[in-house]
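J.: Predicted structure and sequence below. I'll ask about it afterward.
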Amino acid sequence: MLPMKDAEDVPIIALTADATDEARERVRTAGMNYLVSKPIDHDKLFYYLSQEFTK
């Protein structure tokens, strides 16, 4: 987690080749919003982006 107050609103999408449940938990624990694993699922990536940009 970033210690700056304004950093709370910055969406973070993790990109990794590790798609295990443990990797997903590490992403959540680190404060990231989404995880996209390789090979990139473009539909999933665009969905996550649209979720953030339509808020």
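T.: Thanks, I have the structure now.

J.: Report the beta-bridge partner residues of the spatially closest residue to residue 48 that is not a sequence neighbour.
T.: In this structure, residue 48 finds its nearest non-sequential neighbour in residue 34, 4.4 Å apart by CB to CB, 6 or more residues apart in numbering. From N, CA and C alone the C-beta is placed, and that goes for glycine too. In this structure, residue 34 bridges to residue 13 when assessed by DSSP bridges.

J.: does residue 34 really touch residue 14, like I thought?
T.: Yes: under the contact definition of CB atoms under 8 Å, residue 34 touches residue 14, with a separation of 6.9 Å.

J.: which residues touch the longest helix seen in the chain?
T.: Of all segments of type helix in the chain, defined using DSSP state H, the longest is helix 42-53. With contact meaning CB atoms under 8 Å, 6 or more residues apart in numbering, helix 42-53 is reached by 11, 13, 33-34, 36.

J.: re the thing from before, list residues touching both of residue 34 and residue 14?
T.: Taking CB under 8 Å, 6+ apart as the criterion, residue 34 and residue 14 both touch residue 27.

J.: returning to what we had before: which of the contacts of helix 42-53 are buried?
T.: In terms of neighbour count (16 or more other CB atoms under 10 Å), the buried residues within the contacts of helix 42-53 are 34, 36.

J.: From the contacts of helix 42-53, which shows the smallest pLDDT?
T.: When the contacts of helix 42-53 are compared by pLDDT, residue 11 scores lowest at 86.

J.: That one belongs to a helix?
T.: No: the assignment for residue 11 by DSSP: H, G, I helix; E, B strand; the rest coil gives coil, which leaves it out of any helix.

J.: Throw the contacts of helix 42-53 into JSON lines and include distance to residue 47, thanks.
T.: As requested, the contacts of helix 42-53 are exported to JSON lines (distance: CB to CB, whole Å):
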{"residue": "11", "distance to residue 47": "13"}
{"residue": "13", "distance to residue 47": "11"}
{"residue": "33", "distance to residue 47": "12"}
{"residue": "34", "distance to residue 47": "9"}
{"residue": "36", "distance to residue 47": "10"}
